[in-house]
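Asks: okay, here's the prediction I keep looking at, along with the sequence it came from:
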Number of protein chains: 2
Amino acid sequence: MTQSVTVVMAQINPIVGDLSGNTDLIIQAAQQAKERFSADLVVFPEMTLTGYPPEDVLLREGLYPQVEQALLKIASEIQNIACVVGYPMIDELGERFNMAAWIDEGTIRASYIKQNLPNYSVFDEQRYFSAGNQPCVVEFKGIQFGLLICEDIWKISPAAQAKEAGAEVLLTLNASPFSLEKHQDRIKTLQKRVEENRRPIIYVNQIGGQDELVFDGGSFAMSADGEVCVQSPEFKDDLSPVRLLKQADSVIMLPGISAELYADEARVYEAIKTGVRDYVNKNGFPGVVLGLSGGIDSALTLAIAVDALGAERVEAVMMPFRYTAQISQDDAAEQAKTMGVAYQVLPIEEAYEALEKTLHATLAGTEPDITEENLQARIRGTLLMAISNKTGKMVLATSNKSEVAVGYSTLYGDMVGGFSPLKDVPKTLVYRLAKYRNTFGEVIPDRVITRPPSAELRPDQTDQDSLPDYDTLDEIMRAYVKLDKSPQEIAAMGYDETEVRRVIRLIDRSEYKRRQAAPGVKITHRAFGRDRRYPITSRYCE
Amino acid sequence: MTQSVTVVMAQINPIVGDLSGNTDLIIQAAQQAKERFSADLVVFPEMTLTGYPPEDVLLREGLYPQVEQALLKIASEIQNIACVVGYPMIDELGERFNMAAWIDEGTIRASYIKQNLPNYSVFDEQRYFSAGNQPCVVEFKGIQFGLLICEDIWKISPAAQAKEAGAEVLLTLNASPFSLEKHQDRIKTLQKRVEENRRPIIYVNQIGGQDELVFDGGSFAMSADGEVCVQSPEFKDDLSPVRLLKQADSVIMLPGISAELYADEARVYEAIKTGVRDYVNKNGFPGVVLGLSGGIDSALTLAIAVDALGAERVEAVMMPFRYTAQISQDDAAEQAKTMGVAYQVLPIEEAYEALEKTLHATLAGTEPDITEENLQARIRGTLLMAISNKTGKMVLATSNKSEVAVGYSTLYGDMVGGFSPLKDVPKTLVYRLAKYRNTFGEVIPDRVITRPPSAELRPDQTDQDSLPDYDTLDEIMRAYVKLDKSPQEIAAMGYDETEVRRVIRLIDRSEYKRRQAAPGVKITHRAFGRDRRYPITSRYCE
């Protein structure tokens, strides 16, 4: 006798702490899974009820009764379909667990406790949770399903243990943040698990932005021989059905629909777009405002903002000064027009002169230096914040990762903003993303991409007056920040050791600036922010 | 036969990452312990070689050869005295450990691996370290010494295990950050350990500031019957000898010198002073500059800065505007004169008018609101940063914890600064500290303490126009932030529930501001910063 079971991967976008909103999302998704696919079972991401990561909200006792209520509501309102949801639980001793519940016919039939608690990179799960040590296998319509949660599937033991306990199919609930190459890593890792256990795996990830993190979705179902049978899209809410057949003693996963995946630049672009959209929307801002300088960073940021939010929610401000080239003004105006955003020009000459006069005693008799340059940047930051205060729009900062790394940015100046879309994007990737964006509608003037980058804070300045060329800078940064290589090792890659040490010193000494920077989307293996926790006060040197 | 052993508690102030500087400190302290006290053994704090906490510097492979070298140097240079130092170690599998080494006669005689790795509050030790599970007991001059590290002594098992393995005296190496009542907690906890094991304990803590943390020292030696026999001073480098006698089968700890401990306000004042001094000095700033408004927060900050750094390294700037009362200007001038600091007055009228004019299109036809208030604060921040850029002096921010909690402060305005001394000091405690400071020299004009607090950003404004009185605000804040109480529970303490909910909403919604705030000294049980990790994007509500 052949038994057929349809499992829907429910790739939703929960909001952290929004128990009632997330519960409604779950109930709606379950109903749709039933209606659209006659599904038998719907599987949600890790910590579905609270969103991920709830951070220290997990320490609040008041959270847990809300979780209980949400589970009860789901159990009572979801009819004719089983579902697996993720949530946190606290026991009578005050120990907390990261759990998955199998809800079926009005009750929680079984629950699983996550065994591997990541406490590296952006993750702090051992701050909150105690680990489980038991498998959880549920028989449902003749098939044995084993439950796993995120990090569990990256280790050998929990899947093997579930198989040992009789699991014929593995279900894994995930809140796996995006970074470059992460999707390929997931596929490769699951292929290993499948090879070890000869069991199909259904991998459900969430989508959406949460502060520094973006979840890319890309849920998938992998057969027992390592083929991806169903692939959900990236960065989109989605319900994708997976059909399983039980014949005699084996379970077969049938090929289904596979969404096309993004290529590299497109994927990063979508990640940042999602991060901006969700930060703005989940925090309730009516729109954004940014300084458009005629340079490539603000040009790309503007394009992303418009793609994320629509032109009508985006405002650009050009704030020229005596060092601003005419082509910068022309290019900014052109892009604003092309993209159809509100645009104003606010010259900063008068404010600069007033501040210079006020500071007469400090500046008189000194050579112009970083002080005068920062004054310009801070006037611009102050103007943008005034517009933000008056209109409610959030300021987008426009610094890229290369600048953030070496401190080539002004605290309280161009670092002003509620969110920093390019914070984890090295300058060389900024160029690639700008070119990519122009492939579907040329919105960034070509000259912005081709002219030498300049902060335009003094006459005839270019970035390369004080920094190595960006190809070099980005490679040194990658080797030091991402790969933890020593100055000697980096020099051995073909760079001048003095230059390498200068860049590293700049990176080390800019930690104080980064500590006051706006959050931005993590897109690399190691972002600045919670992903990389360096002391400000440090004399460490290799 | 009676054997006598002198153990010196070496309460030093290491700098994070400064392996060679810290090694020199250790060698000097050991020599002095020998010379001054004919000591047999000198015990240093946890992670002496690297300082604490080194954070992600621990992830760098290059750290560990430096640690090895430092240990070799200590072993070869410290003569005629045994020493116990703390350090991190990595094994061939890449696992890291938080260790203590017993160094004696040129070699590492024994080493201990920390068993309890704190991963709560400000601590992330499970991000870096694997736990040990073995006791380490060293026989030295006829006495069996058991080694423990910090968190170990807060649990029952490691001390019991060391006793089981024969330890007659317990030595514990600590990097225990200051917070109110922490010293009493340590004493009480060690009294429990002593009661359980009937073994004397020597507790060595470090001193000094490291970013958000201050270590208060206060090392002590407790006899087997729970008496403090030797008490080192708080917040000071110190070497204190502890004399042990071994007679027949028992070890007796002799009474020694006990430093007087600080009372509450004095202790907090010393903590903040230490935090400011070490942040400024360890990061190499020549001095500090701050805005002196005539209000109590900046008045107290100025007093702390002068006490920490000396008047010649401190500069105060009064930046009056049309809403600044004459008495504010008078009081600021008076305090600056009393304290002997450089002082200048920079009126912001002209800069304000220029910015207002530049923003004409945005401001025209609108009612004055927070926009105009923030403009004033941001001009002041910009002026202070210009002075900082030109002189190298670091800006001190002056916000207190109550303001930081509810967001009653301007991002890029009065929040500007490299360090924020009062960040964890509730407003009611600001008043108590100001009064305390005046007990040893009246430096804060009495009127500054007695007049109603005002931000002076619009006519006749007082803080209580938009906030509850500070007694109420601080109690609600304490209940919500420190004690994690629900709105209902807080209301039940005798507050209006609507008011309670309003304050909580303000606290929740100000997370984005705090994320861009300068670091400041943790002095309470739960500070904002790494101690309390809340998402910015959150709809959690109780």
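Replies: Looks like it arrived, so ask away.
Asks: can you pull the contacts of the residue in the stretch 1-150 of chain A positioned nearest to chain B?
Replies: Using CB to the nearest CB, residue A:17 is the residue of the stretch 1-150 of chain A that sits closest to chain B, at 2.8 Å. Placement of C-beta: from N, CA and C, glycine included. Residue A:17 sits next to A:50-51, A:54, A:57, B:535, B:538-541 when contact means CB atoms under 8 Å, 6 or more residues apart in numbering or on different chains.
Asks: most surrounded residue in those residues?
Replies: Among these, residue A:51 has the most neighbours (other CB atoms under 10 Å in any protein chain shown), with 31 neighbours.
Asks: retrieve the pLDDT associated with it.
Replies: On pLDDT, residue A:51 comes in at 98.
Asks: for it, which three-state class applies?
Replies: coil (DSSP: H, G, I helix; E, B strand; the rest coil).
Asks: can you pull the contacts of it?
Replies: A:14-18, A:22, A:206, A:210.
Asks: nearest to residue A:472, of the contacts of residue A:17?
Replies: Proximity of these to residue A:472 (CB to CB) peaks at residue B:535, which lies at 36.8 Å.
Asks: wasn't the residue of the stretch 1-150 of chain A closest to chain B part of a strand?
Replies: No. In this structure, residue A:17 is coil, not part of a strand, as judged by three-state DSSP.
Asks: excluding sequence neighbours, find me the nearest residue to it.
Replies: Excluding the flanking residues, the one nearest residue A:17 by CB to CB, 6 or more residues apart in numbering or on different chains is residue B:540, at 2.8 Å.
Asks: any quick PyMOL command for the buried ones out of the contacts of residue A:51?
Replies: To isolate the buried members of these in PyMOL, using 16 or more other CB atoms under 10 Å in any protein chain shown:
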select buried, chain A and resi 14+15+16+17+18+22+206+210
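Asks: where's residue A:13, which helix or strand?
Replies: Counting by DSSP states H and E, residue A:13 is held by no secondary-structure element, helix or strand.
Asks: enumerate the residues of the stretch 51-200 of chain A near chain B.
Replies: Proximity of the stretch 51-200 of chain A to chain B, by CB under 8 Å from any CB of the partner chain, involves residues A:53-57, A:59-63, A:66, A:119-120, A:124, A:126-127.
Asks: in helices only, show me these.
Replies: Here DSSP state H is the test, and these give A:63, A:66, A:126-127 as lying in helices.
Asks: show me the two of those residues that sit farthest apart.
Replies: A:66 and A:126 (23.5 Å).
Asks: what segments of the stretch 151-300 of chain A are strands?
Replies: In the stretch 151-300 of chain A, strands defined by DSSP state E, counting those that start in this stretch lie at A:169-174, A:201-205, A:207-210, A:213-216, A:220-222, A:228-231, A:238-247, A:250-253, A:288-291, listed in chain order.
Asks: mind putting those into CSV with distance to residue A:495 and mean pLDDT?
Replies: Converted to CSV, those look like this (distance: least, CB to CB, whole Å; pLDDT from 0 to 100):
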stretch, distance to residue A:495, mean pLDDT
strand A:169-174, 38, 98
strand A:201-205, 38, 98
strand A:207-210, 35, 98
strand A:213-216, 32, 98
strand A:220-222, 40, 98
strand A:228-231, 40, 98
strand A:238-247, 44, 96
strand A:250-253, 49, 94
strand A:288-291, 33, 98
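Asks: got those strands as CSV, with distance to residue A:2 columns?
Replies: Putting the strands of the stretch 151-300 of chain A into CSV (distance: least, CB to CB, whole Å) gives the following:
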stretch, distance to residue A:2
strand A:169-174, 15
strand A:201-205, 20
strand A:207-210, 34
strand A:213-216, 35
strand A:220-222, 19
strand A:228-231, 18
strand A:238-247, 5
strand A:250-253, 9
strand A:288-291, 54
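Asks: list only buried entries from the residues of the stretch 51-200 of chain A next to chain B.
Replies: The neighbour-count test (16+ other CB under 10 Å) applied to those identifies A:53-57, A:59-60, A:62-63, A:66, A:119, A:124, A:126-127 as buried.
Asks: tabulate the residues you listed in a markdown table, adding columns for distance to residue A:297.
Replies: Converted to a markdown table, those look like this (distance: CB to CB, whole Å):
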| residue | distance to residue A:297 |
| --- | --- |
| A:53 | 29 |
| A:54 | 32 |
| A:55 | 29 |
| A:56 | 33 |
| A:57 | 34 |
| A:59 | 38 |
| A:60 | 39 |
| A:62 | 42 |
| A:63 | 39 |
| A:66 | 42 |
| A:119 | 34 |
| A:124 | 31 |
| A:126 | 37 |
| A:127 | 35 |
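Asks: correct me, but residue A:538 touches residue A:505?
Replies: No. Using CB atoms under 8 Å, residue A:538 is not in contact with residue A:505; the gap is 11.6 Å.
Asks: any idea what residue A:148 is bridged to?
Replies: Judged by DSSP bridges, the bridge partners of residue A:148 are residue A:172.
Asks: how many other residues sit next to residue A:448?
Replies: For residue A:448, using other CB under 10 Å, the count is 23.
Asks: quick check: mean pLDDT across the one helix or strand it maps to?
Replies: Using DSSP H and E, residue A:448 falls within helix A:446-450. On average, the pLDDT along helix A:446-450 is 95.
Asks: which elements pack onto the helix or strand just after it?
Replies: Scanning forward in sequence from helix A:446-450 by DSSP H and E, the next helix or strand is helix A:470-477. Judged by 3 or more CB pairs under 8 Å, 6 or more residues apart in numbering or on different chains; DSSP states H and E, the packing partners of helix A:470-477 are helix A:401-406, helix A:427-438, helix A:497-509.
Asks: quick one on the thing from earlier: pick the one among the contacts of residue A:17 closest to residue A:412.
Replies: Checking these against residue A:412 with CB to CB, the nearest one is residue B:535 at 24.1 Å.
Asks: separation between residue A:319 and chain B?
Replies: The gap separating residue A:319 from chain B is 9 Å, by CB to the nearest CB, to the nearest Å.
Asks: same for the one helix or strand residue A:357 maps to, what does it pack against?
Replies: Using DSSP H and E, residue A:357 sits in helix A:349-358. Contact analysis of helix A:349-358 by 3+ CB pairs under 8 Å, 6+ apart lists helix A:370-391, helix B:349-358, helix B:370-391 as its packing neighbours.
Asks: how far does it sit from the chain's center?
Replies: Taking the mean of its C-alpha atoms, helix A:349-358 sits 40 Å from the chain's own mean (CA atoms, centre = their mean, to the nearest Å).
Asks: again with stretch A:363-376
Replies: Relative to its chain's centre, stretch A:363-376 lies at 38 Å (CA atoms, centre = their mean).
Asks: buried residues in it?
Replies: By 16+ other CB under 10 Å, the buried positions in stretch A:363-376 come out as A:363, A:371-376.
Asks: just the residues you listed that are near chain B?
Replies: Contacts with chain B within the buried residues of stretch A:363-376, counted by CB under 8 Å from any CB: A:363, A:371, A:374-375.
Asks: just the residues you listed now: which is nearest chain B?
Replies: Once CB to the nearest CB is applied, the member of these that ends up nearest chain B is residue A:371, at 3.9 Å.
Asks: rewinding a little: closest one to chain B among the helices and strands packed on helix A:470-477?
Replies: Closest to chain B of those is helix A:497-509 (CB to the nearest CB; 9.1 Å).
Asks: got the contact list for the closest one?
Replies: A:405-407, A:468, A:472-473, A:476-477, A:480-481, A:487-488, A:490-491, A:534, A:538, A:540-541.
Asks: distance from whichever helix or strand comes after that helix to the middle of the chain?
Replies: Going down the chain from helix A:497-509, the next helix or strand is helix A:511-514, by DSSP H and E. Offset of helix A:511-514 from its chain centre (CA atoms, centre = their mean): 21 Å.
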